[in-house]
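Engineer: 3D model of this:
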Amino acid sequence: MSNQDIEDDEMLPEYDFSKGVRNPYAQRFQELNLVSLDADVKAVFPDSESVNAALRTLIKAAGAVVPEKMKKAS
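Structural biologist: As a prediction, the model looks like this:
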């Protein structure tokens, strides 16, 4: 393959995506909001429930305003 072929960046005729299906899991992953915890934090907060409870307490203590549509029943 020559450098010119690589630079053209066109699909080759043998690639056939006519029967392709969009990723059925894409929407699920777009809704995820993952955060990576450092080991020392993970030792104190082993699951998402404990992290969420601590953050909600911090939000209340700080007097932060949370938009109504973002509030979750606790």
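Engineer: can you give me how far the one helix or strand Lys42 maps to is from the chain middle?
Structural biologist: Assigned by DSSP states H and E, Lys42 belongs to helix 39-44. Between the centre of helix 39-44 and the centre of its chain there are 21 Å (CA atoms, centre = their mean, to the nearest Å).
Engineer: Just the CA atoms of the helix or strand harbouring Val51, as CSV, please.
Structural biologist: Counting by DSSP H and E, the element that carries Val51 is helix 48-62. Extracted C-alpha coordinates of helix 48-62, given in CSV (Å, rounded to 0.1, in the frame of the first residue of the first chain):
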residue,chain,number,x,y,z
SER,A,48,-22.1,4.4,44.4
GLU,A,49,-24.7,4.8,47.1
SER,A,50,-22.1,5.9,49.7
VAL,A,51,-20.5,8.3,47.3
ASN,A,52,-23.9,9.8,46.4
ALA,A,53,-24.9,10.1,50.0
ALA,A,54,-21.7,11.9,50.9
LEU,A,55,-21.9,14.2,47.9
ARG,A,56,-25.6,15.1,48.7
THR,A,57,-24.5,16.0,52.2
LEU,A,58,-21.7,18.2,50.9
ILE,A,59,-24.2,19.9,48.5
LYS,A,60,-26.6,20.7,51.4
ALA,A,61,-23.7,21.9,53.6
ALA,A,62,-22.4,24.1,50.9
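Engineer: what's the average pLDDT for that helix?
Structural biologist: On average, the pLDDT along helix 48-62 is 92.
Engineer: and what of stretch 20-36?
Structural biologist: Stretch 20-36 shows a mean pLDDT of 83.
Engineer: Equivalent analysis for stretch 65-74, please.
Structural biologist: 67.
Engineer: Tell me how many other residues surround Asn52.
Structural biologist: The number of residues packed near Asn52 is 13, by other CB atoms under 10 Å. Glycine gets a C-beta too; all of them are placed from N, C-alpha and C.
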